[in-house]
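Participant: Have a look; sequence and predicted model below, questions after that.
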Amino acid sequence: MPVVLPPGAGYLGKSRRRISASGLVTWERCPRQWHYRRRIGISDATVPEMIIGLVVEDALCGLYMERFLTTEAMPSIATWVNFSRQENGLALIKSEQSVMISDMASIRAWAESIIPTMVTEVQRILKERWDKNPWKANGRDIAEVEDIRIENLLRGGIQLQLEEVENCFNANGGPHLEAYRASGDPFTVPAPCWDEEPVKPGMSSSRTAATDFNQTGEITAWEAWEIARPWVKDPRIAAPQRLFHPEGWAAGEMDLVHRWDGSVRICDIKASAGTSGYSAGLANQLRFYQWLWSITRTHSGRPEGGESGGELSGLEGWYLMGPHRKIIDLMDEETLASESERWKNIHSQMTLSGLHPTHLAPADPAPWVNHAPGGKALPVEDEVAAKALTCKRCTAVAFCDDAPKAEQAKALAALTPLELGSPENLIQYMVPKPPCTMISQIPQRLNVKGEVKGHWGPLSNHYGEEVRGAAIAVGSTNVVIEEMGADSFGEIPQGTELALLDVAPGLWRRMTRLYLDEHSEIKPVDETGDVEFTRLGLIPTKANLSGQIVSRGGHSGVNVRGKPWSMSTCHLWDGESIVEVVAFGSAITRTFQKLQVGDFVRILAAELGWRDGVPQVRIDQRQTRLEIKEPK
Ligand code: SF4
């Protein structure tokens with residue numbers, strides 16, 4: 001729910017630095033798994049389920065934004081279908097069928113009538129996203145997703161929402177009926193509706209009553225649909241629509257917020273029956289939202305006016321396959337306080353994980369818990385075996401020193417090409433040959449000394465974020481010093497003979513840079529004691545690496561100044577460590593695009609960079625050489 005805009009582009013305000021519900025759930029599954037997935041950024045091969053959930057949820061939220069016609073029959077096509085097609089430059093479609101909305105039965109009939117075109121649109125998007133995805137799971141294909149599966153998921157979401165509408169109708173609209181009739185959606189942040197203007201985060205609502213509300217008398221089914229409409233993320237708004245912790249270090253994006261009965265219920269949509277071990281994360285996810293909800297109610301950035309929706313009264317998981325409604329108990333005040341303390345502590349541990357090789361989040365897998373339909377946890381009989389199941393499904397099982405040996409051996413065997421025969425040969429094959437070095441030998445932190453010159457002022461880094469920078473000089477040698485991310489380092493003193501300790505070397509636009517973050521320090525040289533300094537002219541800025549590609553990804557978007565950007569990524573493993581390799585914009589060469597998981601590569605003269613405290617190797621279009629090798 002868009003309470004406020006994200007708290008600046010501050011260091012903690014960056015998405016990789018915040019704790020989110022999904023990050024927390026991964027951490028609770030295993031902190032080391034979090035490290036691999038979130039800090040290093042390795043991902044799993046895409047399976048259809050990863051996309052189905054997102055698209056079906058978008059389709060349902062779009063459906064809940066519908067407003068019915070009253071003077072004529074309602075065409076049997078959801079507004080979301082044509083919105084989605086339009087977004088993709090496709091012609092709008094019409095339906096020959098229509099349903100006159102007069103009572104609950106007619107709403108149900110209309111909802112049933114729109115399912116076929118919704119299924120077609122969901123399938124179109126699934127195929128499009130699947131085809132664009134650079135890394136798909138072996139043996140899986142989006143073509144295996146049958147229409148009936150999507151149909152059942154959509155029908156589940158329709159049924160659960162129609163239960164809300166029916167309850168609202170039976171409660172004669174609940175306590176907000178008069179407010180809706182007088183002036184429309186009364187809430188400070190109204191529920192998005194296709195027939196109303198979108199309300200951007202932080203903006204005040206200017207809703208007026210839709211003309212089809214009655215003035216007096218019993219509630220109509222049309223009114224019950226309007227009043228029971230939940231808050232959902234508005235697809236017409238590009239800005240994040242999340243609850244942001246006022247200090248910026250936590251954020252959460254809820255699926256549905258129901259408010260029609262005078263209290264607030266936060267619901268999360270799951271495109272499954274809830275039988276897998278991943279269902280264990282639902283309670284924590286929803287309780288994290290409970291906490292964010294409670295601390296953002298009095299936020300000074302909230303828009304003025306409107307009603308609050310009342311007290312939080314419930315947390316629900318909506319499992320669409322069934323469907324099932326899983327009720328999660330709210331935390332009491334005492335538990336809320338202790339949990340928020342615990343989350344803050346987890347966030348501090350997340351911040352430190354991986355900044356130094358000795359600082360890895362602990363390997364501590366939670367047992368894998370199977371569930372009966374509806375997310376009902378089944379007992380765990382053998383805890384050791386259940387923990388091994390969590391490791392078996394872990395993205396990092398091949399690389400983690402604490403993975404059970406049998407599971408690790410299977411994962412390594414899957415990475416070993418036939419030509420190499422065994423995982424031992426694979427590790428041997430990957431030992432780098434000069435000029436390549438092990439990833440662990442990438443120069444991480446070093447100390448320099450000199451005179452800090454220039455105003456510690458704003459400049460734009462390669463992500464378009466505003467960071468502060470100056471220069472350090474010794475004689476005629478100058479090197480730019482800059483913050484690793486916005487607000488990641490405090491003020492710097494000016495002066496001669498200063499020592500910059502624990503700074504990260506790198507290169508950007510072919511100029512040496514030294515990056516400062518919360519682990520760096522500046523003090524007079526004579527106060528540093530026995531420290532080894534690197535000469536400014538000898539700062540290492542390039543990396544020569546070799547190894548196997550073990551993950552692929554990419555993103556694109558628009559930066560804070562409105563400029564489009566794109567990046568393509570892969571993760572390189574050398575048998576010991578993993579590093580992210582990134583190509584930005586025009587550096588995304590055809591060879592880089594072609595890279596596949598399993599390929600063996602040599603990357604020569606790559607630029608050294610940093611992302612959230614861990615090294616990142618960047619492709620320079622003109623100077624970096626990228627070679628794909630055949631195993632032998
Ligand atoms: S393999 Fe097991 S211990 Fe290692 S990161 Fe994964 S879940 Fe944690």
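Facilitator: Happy to help now that I have it. Only a predicted model underlies this, so the values are computations on that prediction, with no experimental measurement involved.

Participant: contacting residues for Phe288?
Facilitator: Phe288 makes contact with 21, 24, 250, 252, 343 under the criterion CB atoms under 8 Å, 6 or more residues apart in numbering. (C-beta placed from N, C-alpha, C; glycine too.)

Participant: Which residue comes closest to it once chain neighbours are left out?
Facilitator: Nearest in space to Phe288, with sequence neighbours left out and distances taken as CB to CB, 6 or more residues apart in numbering, is Ala21 at 4.5 Å.

Participant: For the one you found, give its distance to Ala411.
Facilitator: Counting by CB to CB, to the nearest Å, the gap from Ala21 to Ala411 is 28 Å.

Participant: and if you look at Pro190?
Facilitator: In this structure, Pro190 and Ala411 are 49 Å apart, going by CB to CB.

Participant: which residues in the stretch 251-400 of the chain form strands?
Facilitator: Using DSSP state E, counting those that start in this stretch, the strands found in the stretch 251-400 of the chain span residues 256-258, 264-270, 312-319, 324-328, 371-372, 376-377.

Participant: what do you get for the stretch 51-200 of the chain?
Facilitator: 74-75, 98-99.

Participant: Quick one: closest of those strands to Gln444.
Facilitator: Of all those, strand 74-75 sits nearest to Gln444, with 61.0 Å by CB to CB.

Participant: for that closest one, packing partners?
Facilitator: Secondary-structure packing of strand 74-75 (3 or more CB pairs under 8 Å, 6 or more residues apart in numbering; DSSP states H and E): strand 98-99.

Participant: Partner strands of the strand it packs on, with direction?
Facilitator: According to DSSP bridges, strand 98-99 forms sheet pairs with strand 74-75 (antiparallel).

Participant: List, one by one, the residues from the stretch 401-550 of the chain near the ligand.
Facilitator: 402-403 (CB under 6 Å from any ligand atom).

Participant: for the chain, same thing?
Facilitator: 30, 32-33, 36, 363, 365, 390-391, 394, 396-397, 400, 402-403.

Participant: max-length strand in the protein?
Facilitator: Counting by DSSP state E, the longest strand found in the chain is strand 542-558.

Participant: C-terminal to it, what's the next element?
Facilitator: strand 564-573 (DSSP states H and E).

Participant: how close does the nearest residue in space to Glu316 that is not next to it in sequence sit to Asn544?
Facilitator: Spatial nearest neighbour of Glu316, excluding adjacent residues (CB to CB, 6+ apart): Cys267 at 4.4 Å. Distance of Cys267 to Asn544, computed by CB to CB: 51 Å.

Participant: Then Glu316?
Facilitator: 53 Å.

Participant: just to revisit the earlier point, of Cys267 and Asn544, who's got more company?
Facilitator: Cys267 (23 against 18; other CB atoms under 10 Å).

Participant: Tell me which residues touch the more buried one, please.
Facilitator: Neighbouring residues of Cys267 by CB under 8 Å, 6+ apart: 230, 254-258, 315-318.

Participant: What of Val384?
Facilitator: No contacts exist for Val384 under CB under 8 Å, 6+ apart.

Participant: partners of the residue of the stretch 451-600 of the chain found nearest the ligand in the sheet?
Facilitator: Nearest to the ligand in the stretch 451-600 of the chain, going by CB to the nearest ligand atom, is Ile578, at a distance of 12.1 Å. When bridges are called by DSSP bridges, Ile578 pairs up with Trp573.

Participant: number of nearby residues for it?
Facilitator: Neighbour number of Ile578 under other CB under 10 Å is 21.

Participant: Next: Gly317.
Facilitator: The burial count for Gly317: 22, using other CB under 10 Å.

Participant: roughly how far apart are the residue in the stretch 51-200 of the chain positioned nearest to the ligand and Met65?
Facilitator: Using CB to the nearest ligand atom, the single residue of the stretch 51-200 of the chain nearest to the ligand is Ala137, 17.9 Å away. Distance, Ala137 to Met65, using CB to CB: 33 Å.

Participant: domain assignment for this protein?
Facilitator: The record's domain parsing of the chain by automatic domain parsing lists 1-39+242-415, 44-226, 444-538, 542-629.

Participant: okay if I get those domains as JSON lines plus mean pLDDT?
Facilitator: Putting the domains of the chain into JSON lines (pLDDT from 0 to 100) gives the following:
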{"stretch": "domain 1-39+242-415", "mean pLDDT": "87"}
{"stretch": "domain 44-226", "mean pLDDT": "94"}
{"stretch": "domain 444-538", "mean pLDDT": "85"}
{"stretch": "domain 542-629", "mean pLDDT": "89"}
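
Participant: Out of the residues of the chain next to the ligand, list just those in helices.
Facilitator: If you go by DSSP state H, the residues of the chain next to the ligand have 32-33, 390-391 in helices.

Participant: The stretch 51-200 of the chain: helices as residue ranges?
Facilitator: 79-87, 104-132, 147-170, 177-183 (DSSP state H, counting those that start in this stretch).

Participant: how about the ones you listed, which one is nearest Ala587?
Facilitator: Closest approach to Ala587 among the helices of the stretch 51-200 of the chain is made by helix 104-132 (19.6 Å; CB to CB).

Participant: Give the other helices and strands that that closest one contacts.
Facilitator: For helix 104-132, the packing partners by 3+ CB pairs under 8 Å, 6+ apart come out as helix 48-64, helix 79-87, strand 98-99, helix 147-170, helix 221-227.
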